[in-house]
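1. From the sequence below, what's the structure:
(3 chains)
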Amino acid sequence: MNRRNMLAAAFLTIVSVFLLLGMLLIHPFGSPTSQAMDQYIIDNTVEETGANNGVTSVVFDYRGFDTLGEATVLFTAVASVVMLFRRLKK
Amino acid sequence: MKGMSTIVKTIANISFPIITIYGLYIIAHGHLTPGGGFQGGAIVASGLALIAVAHGSSWIESKIKEHDLSLFESLGALAFIGLAFFGIIFGGVFFSNFLVDTSMLFGNIPVGGAADINTGGTLPLMNFAVGLKVIVGLFAIVLVMALATHKKEDSS
Amino acid sequence: MIANIPYLAVAGLIIIGLYTILFKKNLIKMVIGITILESGVNLFLITLGYRLGSIAPIFTGNSEDALMSYPVPQALTLTSIVIGVAVLALMLSLIIHIYRHHGSLHVSKIGGDDQ
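-> The predicted model follows:
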């Protein structure tokens, strides 16, 4: 096989060794280190936002600015796809 | 492209209202059960794509043009940003939840584990805005790609 | 090591996606490889916030001091999925234009030098 295939195979081997070693040495599944931010959100989400769903209160109230960025990305993608298929009036 | 056979068209016509009502239920109860604006919008857009595939792109082109859909998508985006700016006027910070713990539209606070739809503050309104935006946006992508395979004599 | 099986599944998905991007010569197969890679990364984000014996962070019908998973990684995964859909739509529309212009989807027939 030619030079390009050998370079790609070497790159893939290095990345997979890196990934497998990382996944074996990470903390065990099911016991993350204690996070003060998540514990505060679980304790105070019913009084402060009035919602019963923890994930929705994080998406729209505690981290609403990220949702604004995501809505902008969706709008830009839809505008680009519609623009690419515009048929010029003859 | 032509549509499919009569059996497929009949079953698509029957299941389209059921899928739409299920998707709107998931959008509206986003602050009580798992779900929300993005998830429910994807469900309704899948129902609309089912109708577009079953009836063919010629039939869809005679009903909807794609520049009618851009009005609704801009409306959804403007409603979302408008709710964020009202937070500055009434609450003091950007995106503040100015409807919770008041006696206005969505202002209760749930007690115990009870599910009351009148809770949530600005969260249900934001769910509606994002849901409308996702429905119209995903259906516009499907529609434009279906119409691109329709004509055979266009130039690139 | 046997307790880390979700993380090994994530590594397997990423390796399969990278192999498909590097070694296949059809444009549609490369796009499928990119989608598999994104699915692996989203799975990794979700499995970071799980506590053993916990339930979903929903308060409807559950008591207030049940053990709950962390909600922040789930919210970030939602954003990542939507961005993946947007990028996939753009890639597919560009492939339609390439096919109309060149008449083929094989990488060696689409111009550029090959070594």
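
2. what ranges do the helices span in the chain?
-> You didn't say which chain, so I picked chain A. Here chain A has its helices, by DSSP state H, at A:3-24, A:36-49, A:54-57, A:64-84.

3. Chain B is the one I meant
-> So, for chain B - with DSSP H - the helices run B:6-28, B:37-55, B:57-61, B:69-90, B:123-148.

4. Show me what the fourth one is packed up against.
-> If I follow you right, that is helix B:69-90. helix A:64-84, helix B:123-148 (3 or more CB pairs under 8 Å, 6 or more residues apart in numbering or on different chains; DSSP states H and E). No exception for glycine: its C-beta is placed from N, CA and C like everyone else's.

5. Now the shortest one: buried residues?
-> Okay, so that is helix A:64-84. Residues of helix A:64-84 classed as buried by neighbour count (16 or more other CB atoms under 10 Å in any protein chain shown): A:Gly64, A:Thr67, A:Glu70, A:Ala71, A:Leu74, A:Phe75, A:Ala77, A:Val78, A:Val81, A:Val82.

6. Can you add distance to chain B and give those back as CSV?
-> Below are these laid out as CSV (distance: CB to the nearest CB, whole Å):
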residue, distance to chain B
A:Gly64, 4
A:Thr67, 7
A:Glu70, 8
A:Ala71, 6
A:Leu74, 6
A:Phe75, 6
A:Ala77, 8
A:Val78, 4
A:Val81, 5
A:Val82, 5
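
7. before we move on, back to that, just so I know, which of the helices of chain B lies nearest C:Ile14?
-> Smallest distance to C:Ile14 across those (CB to CB): 24.5 Å, for helix B:37-55.

8. helices and strands around that closest one, which ones?
-> helix B:6-28, helix B:123-148.

9. now for the last one, which elements pack on it?
-> This means helix B:123-148. helix A:54-57, helix A:64-84, helix B:6-28, helix B:37-55, helix B:57-61, helix B:69-90, helix C:72-102.

10. That one vs helix A:36-49, what angle?
-> 110 degrees (axes from the mean of the first three to the mean of the last three CA atoms, to 10 degrees).

11. of the helices and strands packed on helix B:123-148, which approaches A:Asn44 most closely?
-> That would be, of the helices and strands packed on helix B:123-148 and by CB to CB, helix A:54-57, which comes in at 9.7 Å.

12. Can you tell me what sits against the closest one?
-> Under the criterion CB atoms under 8 Å, 6 or more residues apart in numbering or on different chains, residues A:41-42, A:45, A:49, A:51, B:30-31, B:34, B:36, B:123, B:127, C:57-59, C:68, C:71, C:74-75, C:78 lie in contact with helix A:54-57.
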